[in-house]
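**Student:** Provided below are the primary sequence and the corresponding predicted coordinates.
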There are 2 protein chains.
Amino acid sequence: MKSPSQPRDRGIPEATVARLPLYLRALHGMAERGIATVSSEDLAVAAGVNSAKLRKDLSHLGSYGTRGVGYDVEYLVYQISRELGLTQDWAVAIVGVGNLGRALANYGGFVSRGFRVATLIDADPEVVGDTIAGLNVEHIDELEAVIKRRGVSIVVLATPAAAAQEVCDRVIAVGVTSILNFAPVVLSVPDGVDVRKVDLSIELQILAFHEQRKAGGPLMAVESQ
Amino acid sequence: MKSPSQPRDRGIPEATVARLPLYLRALHGMAERGIATVSSEDLAVAAGVNSAKLRKDLSHLGSYGTRGVGYDVEYLVYQISRELGLTQDWAVAIVGVGNLGRALANYGGFVSRGFRVATLIDADPEVVGDTIAGLNVEHIDELEAVIKRRGVSIVVLATPAAAAQEVCDRVIAVGVTSILNFAPVVLSVPDGVDVRKVDLSIELQILAFHEQRKAGGPLMAVESQ
DNA sequence: GTGACTTTGTGCATCGGTTCACAAAGGGAT
DNA sequence: ATCCCTTTGTGAACCGATGCACAAAGTCAC
């Protein structure tokens, strides 16, 4: 006799974690359209993955499906949200209020569920004091104070490359351990700190590589012997 | 007897391709600082990877190092650039000139090497005709014409989610096969079309997952009795 | 209650990527 | 020319992720 619908494995594969938000989005869409139940096959199509992979991913959270029927949409939304930690509210700070920082501050998409932009911070006296997306821009000198005051636990770096490492060091010093970095630099951080990196230029370069391949490759003519 | 310094393997692993831009950036920095030669160990540190991986990655391009010495910085920059297709100029169209589209248009970083924002396109009559980052915003009705006229081969989608699939279909219909998608939707595309996806909300959710883990897990209290 | 049908959850083979560890290759000193 | 030192390039073991294919588990109709 064993507890049946308990998450059995606390170690969820990284690849699975990266796909859970995808499933969640698809499920939200279905919930809005009033769909109560969904099969792994249908959900897989909606999320753009194959159904075996989807089932294996979900099986890491627990046994939440019903054989012969599928998954209850509402229930699965709840379970995935809980697993991802979206049942609580995360305070996010955006450091660097240039074009990108502004765009992020105004981007409704991520504010929606679980995340809240708690503060905007910049070094330029020209923008400090401005109100962007309903928030007052604070001065970088206040960085540590604001992060503590607002209970920020996730920091988004949208600074110039040259400033990123310093800001990174400072926020880590006050206890932040999750960073989303848009600056085109490799940040060095101590163990226990998670950095995720978004780099537009790298994405374009990868596309260019494949585009070039389609067109015949860099050394078409030299096709080995 | 075999040709010695020829790229031997035309099939470069995807994981390697994704790291080449990283190496390239580190190398550019070194070139600017006047460094002529670099060991795999030093370059690996600068790029934030381990040196065995770096050497294996570079070995896929050919044998461009000198044992006992390292790699010639300039030469390696050239070889990687060539492999990634950055020796030619890629015309990029940005569709959707909201906050994000504007930020991308103004982002100097990717315009620098190999890429050129050739046109901005939007559906909102309010912004069509405006000049942003030195470019006239064209109307979405002109999408196909502009793409052909400007020789665009890479399209960046920064539209609302609801519009992304339609724009995607239209640009594919006129021959575009490389798309960078910022809209939070799963695009469905025919074989032969590459889509890369950047989703801010997903990145935050992955961070939240790990942050929650550090704090003790989702159901600490319910620790399976 | 029984049987037919559907769909999950997973064991297993496979694959791509990472890491180790070392032989091969080159440079520089003598 | 020979030896020693450094660093590359790669064979081989390992590790995690993917996908197939099917038994187990449940529903529904009668």
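**Tutor:** Yep, it's here.
**Student:** longest helix anywhere in chain A?
**Tutor:** In chain A, assigned by DSSP state H, the helix with the most residues is helix A:14-32.
**Student:** How about that helix and DNA strand C, any contact?
**Tutor:** No - remark: helix A:14-32 sits outside contact range of DNA strand C, by Cβ under 7 Å from any atom of the strand, the gap being at least 11.1 Å. Every residue, glycine included, has its C-beta placed from N, CA and C.
**Student:** Could I have the CA atoms of that helix written out in CSV?
**Tutor:** Taking C-alpha atoms only, helix A:14-32 is exported to CSV below (Å, rounded to 0.1, in the frame of the first residue of the first chain):
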residue,chain,number,x,y,z
GLU,A,14,16.0,20.3,-16.0
ALA,A,15,14.6,19.6,-19.5
THR,A,16,11.2,18.9,-18.0
VAL,A,17,11.2,22.1,-15.9
ALA,A,18,11.9,24.1,-19.1
ARG,A,19,8.8,22.6,-20.7
LEU,A,20,6.4,22.9,-17.8
PRO,A,21,5.7,26.6,-18.6
LEU,A,22,4.8,25.6,-22.1
TYR,A,23,2.3,23.1,-20.9
LEU,A,24,0.9,25.6,-18.5
ARG,A,25,0.3,28.2,-21.2
ALA,A,26,-1.4,25.7,-23.4
LEU,A,27,-3.6,24.6,-20.4
HIS,A,28,-4.5,28.2,-19.6
GLY,A,29,-5.7,28.6,-23.1
MET,A,30,-7.8,25.5,-22.9
ALA,A,31,-9.3,26.5,-19.5
GLU,A,32,-10.4,29.8,-21.0
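**Student:** average pLDDT for the strand or helix carrying A:I94?
**Tutor:** Assigned by DSSP states H and E, A:I94 falls within strand A:90-95. Mean pLDDT, computed over strand A:90-95, is 97.
**Student:** and that strand, which strands flank it?
**Tutor:** When pairing is defined by DSSP bridges, strand A:90-95 lines up against strand A:115-122 (parallel), strand A:154-157 (parallel).
**Student:** what residues does the shortest one touch?
**Tutor:** Contact partners of strand A:154-157, identified using Cβ atoms under 8 Å, 6 or more residues apart in numbering or on different chains, comprise A:90-96, A:101, A:104, A:115, A:147, A:164, A:167-168, A:171, A:176, A:178-183, A:187, B:204, B:207-208, B:211.
**Student:** Then the first one?
**Tutor:** If you take Cβ under 8 Å, 6+ apart as the criterion, strand A:115-122 is touched by A:89-97, A:101, A:104-105, A:111, A:128, A:132-133, A:135-140, A:142-143, A:146-147, A:150-152, A:154, B:201, B:204, B:208.
**Student:** follow-up on the earlier one: who does the longest helix of chain A touch, helix- and strand-wise?
**Tutor:** helix A:40-47, helix A:51-59, helix A:73-84, helix B:200-215 (3 or more Cβ pairs under 8 Å, 6 or more residues apart in numbering or on different chains; DSSP states H and E).
**Student:** Among those, which comes closest to A:R33?
**Tutor:** helix A:73-84 (9.6 Å; Cβ to Cβ).
**Student:** Adding distance to B:K53, mean neighbour count and mean pLDDT, write the helices and strands packed on helix A:14-32 out as CSV.
**Tutor:** Rendered in CSV, the data for the helices and strands packed on helix A:14-32 read as follows (distance: least, Cβ to Cβ, whole Å; neighbours: other Cβ atoms under 10 Å in any protein chain shown; pLDDT from 0 to 100):
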stretch, distance to B:K53, mean neighbour count, mean pLDDT
helix A:40-47, 30, 19, 97
helix A:51-59, 26, 17, 97
helix A:73-84, 29, 19, 96
helix B:200-215, 22, 20, 94
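**Student:** Of all these, which one is nearest A:V193?
**Tutor:** Among the helices and strands packed on helix A:14-32, helix B:200-215 comes nearest to A:V193, with 9.7 Å by Cβ to Cβ.
**Student:** before we move on, back to that, so what touches the longest helix of chain A?
**Tutor:** Under the criterion Cβ under 8 Å, 6+ apart, residues A:38, A:43, A:46-49, A:53-54, A:56-58, A:60, A:73-74, A:76-77, A:80-81, A:83-84, A:86, B:184, B:186, B:199, B:201-202, B:205-206, B:209 lie in contact with helix A:14-32.
**Student:** on that earlier part again, between helix B:200-215 and the strand holding A:I94, find me the angle.
**Tutor:** 120 degrees (axes from the mean of the first three to the mean of the last three Cα atoms, to 10 degrees).
**Student:** send the alpha carbons of strand A:90-95 over as CSV?
**Tutor:** This file holds the C-alpha atoms of strand A:90-95, laid out as CSV (Å, rounded to 0.1, in the frame of the first residue of the first chain):
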residue,chain,number,x,y,z
TRP,A,90,7.5,36.9,-6.9
ALA,A,91,8.8,40.4,-6.7
VAL,A,92,11.0,41.3,-9.6
ALA,A,93,13.4,44.2,-10.0
ILE,A,94,14.4,45.5,-13.4
VAL,A,95,17.8,47.1,-13.4
